[in-house]
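Participant: Sequence and predicted structure below; questions after.
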Amino acid sequence: MTNLALTVKFKRGDFSLLVEENIPLENVTALFGESGSGKTTLLRIIAGLEKKACGKVTLGKTCWQNDKTKTFLPPYKRSVGYVFQDNRLFNHLNVEGNLRFGYDRSEAKNRVRFNDVVDALDLSDLLLRTPHSLSGGEKQLVSIGRALLSGPELLLMDEPLSALDAKRKAEVIPYIEQLPSNFSIPVLYVTHNLEEVTRLAPNMLLLSEGKIAGKGKVEKLLERIDLWSVTGRLAAGSVLNAEVKTHLSDWGVTVLTVAGHELRIPAINASPGTLIRLRVQAKDVALATQKPVGLSIRNILSAQILSIDIEEDIFAEVLLDIGGTNLRARVTREAVDDLKLATGQKVYALIKSVAFEEQLFAK
């Protein structure tokens, strides 16, 4: 595990950023926040692209920046690969030329092999093509490959899927997901899309108005009501770890197992035994005090109420235990009174399969 230590300050106009954190980097870590919160600015500081930033930046035992010792390594001396929102490929070079641009100039001791990157990202059929002839998803894969071939110890990705439609996102995201295991490189991934966070990142940093508002496991942060100002109330919910059990091809359904329960979602392209993560928004979970019959909803999970938080408006937030895993439901205050819901009570959680339609899985 690599540790990124930051004690940095930055000011531009009315915006100020202040971050003092030790960030253990393993696999993919999401940097999440609304537009203008400072996500890209923080990434640029780490990469050495903001010379006016003050403070200290250290990766592992290597100090990249320290005001006290007047240390400031320029970007090309920081072992960082940077993938921008816009792919920034060189249009006068073909794909192979773009990839070799980073590879041939790298002075990294432990460079990855050119063919390993080409194979891992399925770029072999694209090598002789020009950037103009590539789809948006293909361009981003080439950008990722070029960053990898520079031999970085840390890969920084600044909303790399933001310009892609849902289909292209679903095609690219499995490649990003596999980067840490394929190349032993941690990824710091900037996004304001919770579906991307759920799919890619075990851990998350929440950035709000230039400061870290929370950090930790994704599923724990998304459960917390006190972080709604950052995660968004409408997006509040839970992250479930699931395993693909089987496919019901006649019905276009994939059956998962979650905490001892079966869960049906629209069919996804994944083999039985594959582990996946799902985000369930609280607004998509209904409650019943008796097991319903004659109902179109296929996902009915036995649960126990852990807590009930009454909001100022018409809603109540209910936290459930569904076999050792937490699930959050949003119901009306009227429903809480009418059903006499209480902490410790046994209930049934109902989730429509269509609630999972927008998740980022290749079809």
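Facilitator: Now that the structure is in, tell me what you want to look at. Keep in mind that what you see is a predicted model, and the values were worked out from it rather than measured.
Participant: What are the buried residues along stretch 40-57?
Facilitator: Neighbour counts over stretch 40-57 (16 or more other C-beta atoms under 10 Å) mark 40-50, 53, 55-57 as buried. Backbone N, C-alpha and C define where each C-beta goes, glycine included.
Participant: Can you give me the end-to-end span of it?
Facilitator: This stretch, stretch 40-57, spans 16 Å end to end (C-alpha to C-alpha, to the nearest Å).
Participant: so for it, what's the average pLDDT?
Facilitator: Averaged across stretch 40-57, pLDDT comes to 96.
Participant: Need the contact partners of that stretch.
Facilitator: 4-10, 12, 15, 17, 19, 31, 63-68, 72-75, 77-78, 80, 82, 154, 156, 158-159, 188, 190, 207, 210 (C-beta atoms under 8 Å, 6 or more residues apart in numbering).
Participant: Of those, which count as buried by neighbour count?
Facilitator: 4, 6-10, 17, 19, 31, 64-65, 73, 78, 80, 82, 154, 156, 158-159, 188, 190, 207, 210.
Participant: how far away is residue 199 from residue 95?
Facilitator: Per C-beta to C-beta, to the nearest Å, residue 199 is found 26 Å from residue 95.
Participant: who's more crowded, those two?
Facilitator: residue 95 (26 against 23; other C-beta atoms under 10 Å).
Participant: Quick check: pLDDT value at the residue lying closest to that one once chain neighbours are set aside.
Facilitator: Spatially, and ignoring its direct neighbours in sequence, residue 95 is nearest to residue 126 (4.7 Å; C-beta to C-beta, 6 or more residues apart in numbering). Note for residue 126: predicted pLDDT of 97.
Participant: Is residue 163 in contact with residue 137, as I believe?
Facilitator: No - applying C-beta atoms under 8 Å as the test, residue 163 and residue 137 come out as separate, 9.8 Å apart.
Participant: Counting neighbours, go ahead and name the busier of the two.
Facilitator: More crowded of residue 163 and residue 137, by other C-beta under 10 Å: residue 137, with 20 against 15.
Participant: who touches the more buried one in this structure?
Facilitator: Neighbours of residue 137 in contact, by C-beta under 8 Å, 6+ apart: 164, 168-169, 171-172.
Participant: Ramachandran coordinates for it?
Facilitator: Phi and psi for residue 137, reported as degrees, to the nearest 10, are phi -70, psi -40.
Participant: number of nearby residues for the residue nearest to it when sequence neighbours are not counted?
Facilitator: Spatial nearest neighbour of residue 137, excluding adjacent residues (C-beta to C-beta, 6+ apart): residue 168 at 3.9 Å. Residues near residue 168, counting by other C-beta under 10 Å, number 17.
Participant: likewise residue 255?
Facilitator: The number of residues near residue 255, taken as other C-beta under 10 Å, comes to 18.
Participant: For it, which non-adjacent residue is spatially closest?
Facilitator: Per C-beta to C-beta, 6+ apart, closest to residue 255 is residue 245, 4.6 Å.
Participant: give me the element that neighbour is part of.
Facilitator: strand 237-248 (DSSP states H and E).
Participant: Does that strand pack against any helices or strands, and if so which?
Facilitator: helix 218-223, strand 253-258, strand 261-266, strand 275-281, strand 326-332 (3 or more C-beta pairs under 8 Å, 6 or more residues apart in numbering; DSSP states H and E).
Participant: which one of those has the lowest average pLDDT?
Facilitator: Mean pLDDT per stretch puts helix 218-223 lowest among those, at a mean of 90.
Participant: does residue 320 really touch residue 302, like I thought?
Facilitator: No - using C-beta under 8 Å, residue 320 makes no contact with residue 302, being 9.8 Å away.
Participant: what is in contact with these two at once?
Facilitator: Residues touching both residue 320 and residue 302 (C-beta under 8 Å, 6+ apart) are residue 349.
Participant: quick one: which of those two has more around it?
Facilitator: residue 320 (22 against 15).
Participant: So which bits of the strand or helix carrying residue 116 are buried?
Facilitator: Assigned by DSSP H and E, residue 116 belongs to helix 114-120. For helix 114-120, the buried set under the neighbour-count rule, 16+ other C-beta under 10 Å, comprises 114, 117-118, 120.
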